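> have a look at this prediction, sequence included:
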Amino acid sequence: MPKVIVDEEACTGCGICADECPSEVFEIVNDIAKAVRQDDCTACKLCELDCPSEAIVVEE
């Protein structure tokens with residue numbers, strides 16, 4: 001099962017991950033991306049690839 005890791009210090013809260021994720025894993029909470037539905041992650045890695053601050057890593 002994939003694990004989504006968000007570096008909260010690097011995250012700018014832009015919301016690109018939430019917009020791009022086809023599984024709706026992310027929510028923006030207090031201007032920080034949170035992987036609130038980890039179990040829904042399919043490891044497509046769109047969030048990791050599209051994050052402009054490189055704050056997201058998807059471990060398989």
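Sure thing, it's come through.
> now the residue nearest to Q38 when sequence neighbours are not counted, what's its secondary structure?
Spatial nearest neighbour of Q38, chain neighbours left out: V4 (5.9 Å); criterion: C-beta to C-beta, 6 or more residues apart in numbering. Quick note: C-beta positions are derived from backbone N, CA and C, even for glycine. At V4, secondary structure determined by DSSP: H, G, I helix; E, B strand; the rest coil is strand.
> next, count neighbours for V4.
By other C-beta atoms under 10 Å, the residues close to V4 number 24.
> so for it, what's the pLDDT?
Looking at V4, its pLDDT is 98.
> so what's it up against?
25, 35, 38, 41, 47, 56-58 (C-beta atoms under 8 Å, 6 or more residues apart in numbering).
> try 6 Å
V4 is in contact with 35, 38, 41, 58, counting by C-beta atoms under 6 Å, 6 or more residues apart in numbering.
> for the closest residue to the first one other than its chain neighbours, give the beta-bridge partners.
Okay, so that is A35. Nearest non-adjacent residue to A35, counting by C-beta to C-beta, 6+ apart: V4, 3.9 Å away. V4 forms beta bridges with V58, as assigned by DSSP bridges.
> could you report the separation of V4 from E27?
12 Å (C-beta to C-beta, to the nearest Å).
> repeat for K45
Taking C-beta to C-beta, one finds K45 at 19 Å from E27.
> one more: C11?
C11 is 12 Å from E27, by C-beta to C-beta.
> ok, E54 next?
On the measure of C-beta to C-beta, E54 and E27 end up 20 Å apart.
> if you count what's nearby, which of the two comes out ahead?
Higher neighbour count among E54 and E27: E27, with 14 against 11, using other C-beta under 10 Å.
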